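[1] fold the following for me, if possible:
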Amino acid sequence: MPTGNIRMHYVKLIFTLMLAAVVSAGGESTSASSSKQEAASSTEKSFVELKKRADSGDADAKETLGRLYFFGLGVPQDYAQARQWWEKAAAQGNAMAQFNLGLLYYNARGVTKDVAKAMEWWQKAAVQGLAAAQNNLGVLYRDGEGVLRDYALARQLFEKAAAQGEAAAQYNLGWLYSNGHGVPKDYAQVRQWYEKAATQGYVEAQYYLGALYYFGHGVPKNVAKAMEWWQKAATQGYAEAQYNLGLLYANSEGVPEDRVLAYAWANLAAAQADESAKKLRDLITLSSAQRAEAERLSSNWKQGQVLRRENESESAAGNTAPSIGALTKKGTGTAFVVSPEGHAITNHHVIASCKEVRVQGRSDLVQVITRDEISDLALLKMPGETRASAALAPDPASLRQGEDIVVFGFPLDSVLSSGGNLTPGVVSAITGLGNNSNQIQITAPIQPGSSGSPVMNKKGQVVGMVSMKLSDTAMAKYTGNLPQNVNFAISGQTLKAFLDAHKVPHKTGSSFFAWEKSLADLGDEARRWTTVVECWK
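    Predicted coordinates for the structure are as follows:
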């Protein structure tokens with residue numbers, strides 16, 4: 001039997017190197033997972049108008065021009081031009097330009113590396129409340145890079161960024177508590193912060209949260225939970241999680257022994273030059289047929305996929321073949337398309353126990369690509385050709401309490417309109433049940449079948465997805481009061497993190513070329529990319 005040690009060491013965190021999306025001609029921007037060629041084509045048309053805005057003093061336009069030159073989108077890549085435009089925007093107080101200048105100096109893009117300069121710009125952006133800048137300053141103080149090490153100040157900066165939902169900062173706080181740097185060692189805090197970051201798709205947090213459950217640090221030992229989180233990290237290509245999964249399958253720990261899957265996971269990790277994974281893979285004895293299957297599994301693997309044997313039952317997950325025996329429709333929900341390739345999202349609870357998932361009125365099946373029970377999200381692949389798709393809000397973290405929103409979905413599908421229902425409301429709280437930062441609270445009425453409905457701002461950009469409502473009778477029994485419109489949606493930040501983690505080429509709405517629309521127009525637009533999904537058992 002192959003042997004090895006499950007790993008739980010804490011690595012130095014690399015900086016969050018994120019640049020916001022670039023504006024395109026159609027009022028939308030390409031996500032980080034979209035191709036540069038597509039973005040370049042769309043930005044050429046808007047460059048002239050953007051330049052006019054910048055020349056007239058628009059700081060946001062100057063910052064965007066800097067990104068065009070930085071990435072070489074529609075213009076030749078030119079770090080010097082990027083720096084010049086960012087300096088102009090930064091002088092007007094544009095926080096994103098200040099942050100990006102810090103990245104230029106830290107990473108030596110067109111300038112000599114200068115940590116002091118990077119810190120100067122990040123401080124300016126951090127004072128304005130930019131979470132990414134607060135996080136990066138925290139890393140400098142934590143590591144003592146360019147400044148005297150100060151764990152207390154690092155913690156304060158991480159806490160400010162984490163409160164805004166910055167996943168890297170949430171992970172960093174967990175790291176401080178796990179090592180007792182500037183705070184008492186506290187595994188309860190470690191779990192809390194890692195879980196917040198992990199549910200946003202932050203891969204290191206997913207990996208180390210799995211390790212907490214495996215070793216029983218601050219939580220009861222739970223190999224099944226450890227495996228669940230390691231699978232999430234492994235599907236993002238995290239080599240150490242892939243190695244650990246291989247070890248679990250090889251040693252039948254928490255799962256039945258499966259040498260094919262053990263070999264395949266170890267092979268994926270070994271492809272990333274993981275020496276322990278190479279040793280594990282080479283110790284696993286397989287027949288020629290088993291080895292061929294394992295090699296096929298690992299060679300065909302793509303990010304976002306969990307390795308599965310051909311004869312393994314998946315329920316609805318990835319199931320595109322008709323099930324044997326008579327099935328009946330047991331429920332419906334709403335899903336909305338997020339990419340031209342037909343990717344769509346809905347709630348995990350909508351499809352969790354389904355044998356088949358279908359689009360209303362079609363016989364071919366919906367493919368369930370992956371699911372996240374903790375965040376209550378599921379990624380689908382719609383059958384047939386799909387063209388229209390939703391656009392996510394460019395800065396979901398900027399959503400404010402009291403902001404107007406609209407929900408479009410298919411509640412009580414057999415009773416209400418088959419053309420969908422449009423319900424306006426407001427954001428009543430920017431956190432959800434128990435101050436859950438992955439949720440928002442909304443007043444728009446929801447009913448059975450509303451789950452998975454997009455929550456849009458007045459520009460038609462998605463800022464969340466309907467998830468749940470409090471039971472009126474249960475709350476009345478518990479509190480003595482009957483609640484009104486206590487409904488929750490998954491936040492736009494969590495949606496974006498989920499799509500980015502699974503490399504879905506989603507669109508992001510522009511803050512420049514988008515305008516507020518009438519309720520009628522919002523309904524017409526959402527109807528093009530929202531649909532009923534049926535659960536068959």
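[2] only C-alpha atoms for contact and neighbour calcs from this point on.
    Noted.
[3] please export the C-alpha coordinates of stretch 334-344 as CSV.
    Taking Å, rounded to 0.1, in the frame of the first residue of the first chain, the C-alpha atoms of stretch 334-344 are listed here in CSV:
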residue,chain,number,x,y,z
THR,A,334,-34.9,29.4,-12.3
ALA,A,335,-31.5,29.5,-14.0
PHE,A,336,-29.8,32.2,-16.0
VAL,A,337,-27.2,32.0,-18.8
VAL,A,338,-23.9,33.7,-18.0
SER,A,339,-21.8,32.9,-21.1
PRO,A,340,-22.3,32.7,-24.9
GLU,A,341,-21.2,29.0,-24.7
GLY,A,342,-24.3,28.2,-22.7
HIS,A,343,-23.0,28.2,-19.1
ALA,A,344,-25.8,28.9,-16.6
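[4] who touches it?
    Here stretch 334-344 makes contact (CA atoms under 8 Å, 6 or more residues apart in numbering) with 345-346, 379-383, 385-391, 409-411, 449-454, 504-507, 529-533.
[5] go on, stretch 143-152?
    Val115, Ala116, Leu140, Tyr141, Arg142, His181, Gly182, Val183.
[6] just stretch 164-178 next, same as before
    Counting by CA under 8 Å, 6+ apart, 10, 13, 16, 131-132, 135, 155, 158-159, 161-162, 182-187, 189-194, 196-198, 200, 202, 204-205, 397, 437, 493 sit against stretch 164-178.
[7] likewise for stretch 265-275?
    Stretch 265-275 has contacts (CA under 8 Å, 6+ apart) with 238-240, 242-243, 245-247, 276-278, 280-281, 295, 298, 307.
[8] buried residues, it. List them.
    Under the neighbour-count criterion of 16 or more other CA atoms under 10 Å, stretch 265-275 has Trp265, Ala266, Asn267, Leu268, Ala269, Ala270, Asp274 buried.
[9] among the contacts of stretch 265-275, who's most crowded?
    The most neighbours of any of the contacts of stretch 265-275, using other CA atoms under 10 Å, belong to Tyr243, which has 31 neighbours.
[10] touching, that one and Ala277? I think so.
    Yes. Tyr243 lies in contact with Ala277 (CA atoms under 8 Å); the separation is 5.6 Å.
[11] contacts for stretch 111-129?
    Contact partners of stretch 111-129, identified using CA under 8 Å, 6+ apart, comprise 94-96, 98-99, 101-108, 132-134, 136-137, 145-146.
[12] how far off centre is it?
    Relative to the centre of its chain, stretch 111-129 is centred 27 Å away, using CA atoms, centre = their mean, to the nearest Å.
[13] one more: stretch 69-76?
    Stretch 69-76 sits 26 Å away from the centroid of its parent chain (CA atoms, centre = their mean).
[14] what do you get for stretch 368-375?
    The answer for stretch 368-375 is 12 Å, by CA atoms, centre = their mean.
[15] show me what counts as buried in it.
    Across stretch 368-375, burial judged by 16+ other CA under 10 Å covers Val368, Ile369, Thr370, Arg371, Asp372, Ser375.
[16] one more: stretch 328-336?
    Within stretch 328-336, judged by 16+ other CA under 10 Å, the buried ones are Gly331, Thr332, Gly333, Thr334, Ala335, Phe336.
[17] which of the residues you listed sit farthest apart?
    Comparing every pair within the buried residues of stretch 328-336 by CA to CA identifies Gly331 and Phe336 as the most remote, at 17.0 Å.
[18] contacting residues around Leu399?
    When contacts are counted by CA under 8 Å, 6+ apart, Leu399 touches Ile430, Val463.
[19] got it, and Tyr194?
    Here Tyr194 is in contact with Gln170, Tyr171, Gly174, Ala205, Gln206, Tyr208, Leu209 (criterion: CA under 8 Å, 6+ apart).
[20] among those residues, which one lies nearest to Ala429?
    Of all the contacts of Tyr194, Ala429 sits closest to Gln170, with 20.8 Å by CA to CA.
[21] for the helix or strand where the closest one lies, give the mean pLDDT please.
    Gln170 is part of helix 167-179 when elements are defined by DSSP states H and E. Helix 167-179 carries an average pLDDT of 93.
[22] what's the answer for stretch 122-142, then?
    For stretch 122-142, mean pLDDT rounds to 94.
[23] what does stretch 147-158 give?
    In this model, stretch 147-158 carries a mean pLDDT of 96.
[24] Asn179 is in contact with Val190, isn't it?
    No. With contact defined as CA under 8 Å, Asn179 does not count as touching Val190 (9.4 Å).
[25] who has more neighbours, the two?
    Ranked by neighbour count (other CA under 10 Å), Asn179 and Val190 place Val190 first, with 26 against 15.
[26] A strand includes the more buried one, no?
    No. In this structure, Val190 is helix, not part of a strand, as judged by DSSP: H, G, I helix; E, B strand; the rest coil.
[27] name the SS class of the residue lying closest to Ser437 once chain neighbours are set aside, please.
    Leaving aside its sequence neighbours, Ser437 sits nearest to Thr431 (CA to CA, 6 or more residues apart in numbering; 4.9 Å). Classification of Thr431 using three-state DSSP returns coil.
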